[in-house]
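>>> Here is the input, now give the coordinates:
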Amino acid sequence: MSETVFRYTGRQRVVMWAWALLMAVWAGAVTVDAGRDLAAHRIGAAVPLWLVLGLIPTVLFVVLAGMSTGVTRIDAQGLRTRGMTGRRRVAWSEIESVHELAGRGRRGTITQIGVTRSDGKSFLLPIPYTSGVILEDPDFYDKLLLIRREWKKHTGAGGA
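Sure, this is the predicted structure:
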C-alpha cells in the first residue's frame with residue numbers, strides 16, 4: 001500500500017483560519033489600546049486588560065493556526081499523526097482497536113477516530129473528524145473504513 005494522507009477539508013481549514021484571524025485582530029486591537037494606556041501612564045488599567053483580553057486571543061490564535069496543519073498518514077507500517085498534541089507513530093501490530101468516538105462539543109456533536117494500543121493507552125487521531133454543518137467532513141466514514149481495513153489487513157484483526 002502506498003501512503004494515504006488525511007488532512008483537514010478545505011472548509012475546515014477556512015473556518016479555523018477565519019477564527020484564528022479574528023483572534024489575531026482582536027488581540028492586536030486590545031494590545032494597541034493597552035499601549036495607549038501605558039503611554040498615558042495608566043499602568044493599572046493597561047496590564048490586566050491586555051492580559052485578559054489580549055493574551056487569551058493570542059493563545060487561541062496559535063492553537064487554531066496549528067490545528068489547521070494537522071495530518072494523519074497511513075501506510076504499510078502503521079499510522080503517523082501530527083497535530084496540536086505532537087507527533088505519534090504507531091505500528092499496525094501495536095494497535096488493539098480503531099473506533100469511532102462521538103462526543104458533545106460547544107456547537108453540537110463532534111466525531112473523531114480513536115485508537116487503542118495494545119498497552120492500553122488510547123489517543124484520538126487529529127484528522128479525520130467531523131462536526132456539525134460548518135466543520136463536516138462528508139468523507140469521514142469512508143476514511144474511518146479505510147483506516148480499519150488497513151489495520152485489519154496488516155494484523156488479521158476482526159477476522160479481516
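>>> Now do the buried residues in the lengthiest helix in the chain.
Ranked by residue count and defined by DSSP state H, the top helix of the chain is helix 10-39. Of the residues in helix 10-39, those with enough neighbours to count as buried (16 or more other Cβ atoms under 10 Å) are 12, 15-16, 19-20, 23-24, 26-27, 30-31, 33-34, 37. Bear in mind the C-beta positions are built from the backbone N, C-alpha and C, glycine included.
>>> ok, now stretch 121-136?
Neighbour-count burial for stretch 121-136 [16+ other Cβ under 10 Å]: Leu125, Pro126, Ile127, Pro128, Tyr129, Thr130, Ser131, Leu135.
>>> where's it relative to the chain centroid, distance-wise?
The gap between where stretch 121-136 is centred and where its chain is centred comes out at 7 Å by Cα atoms, centre = their mean, to the nearest Å.
>>> can you list contacts of it?
6-8, 11-12, 15, 67, 70-72, 79, 81-85, 88, 101, 105, 107-117, 137, 139-140, 143-144, 147 (Cβ atoms under 8 Å, 6 or more residues apart in numbering).
>>> Using PDB, write out every CA atom in it.
In PDB, the C-alpha atoms belonging to stretch 121-136 read as follows (Å, rounded to 0.1, in the frame of the first residue of the first chain):
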ATOM      1  CA  LYS A 121      -3.100   3.600  26.000                       C
ATOM      2  CA  SER A 122      -5.600   5.400  23.800                       C
ATOM      3  CA  PHE A 123      -5.500   8.600  21.700                       C
ATOM      4  CA  LEU A 124      -7.500  10.400  19.100                       C
ATOM      5  CA  LEU A 125      -6.400  11.000  15.600                       C
ATOM      6  CA  PRO A 126      -6.300  14.700  14.800                       C
ATOM      7  CA  ILE A 127      -7.800  14.100  11.400                       C
ATOM      8  CA  PRO A 128     -10.200  13.000  10.100                       C
ATOM      9  CA  TYR A 129     -13.000  14.300  12.300                       C
ATOM     10  CA  THR A 130     -16.500  15.700  11.600                       C
ATOM     11  CA  SER A 131     -18.500  18.200  13.500                       C
ATOM     12  CA  GLY A 132     -21.800  19.900  12.700                       C
ATOM     13  CA  VAL A 133     -22.600  21.500   9.400                       C
ATOM     14  CA  ILE A 134     -19.700  24.000   9.200                       C
ATOM     15  CA  LEU A 135     -16.900  21.600  10.100                       C
ATOM     16  CA  GLU A 136     -18.500  18.500   8.500                       C
END
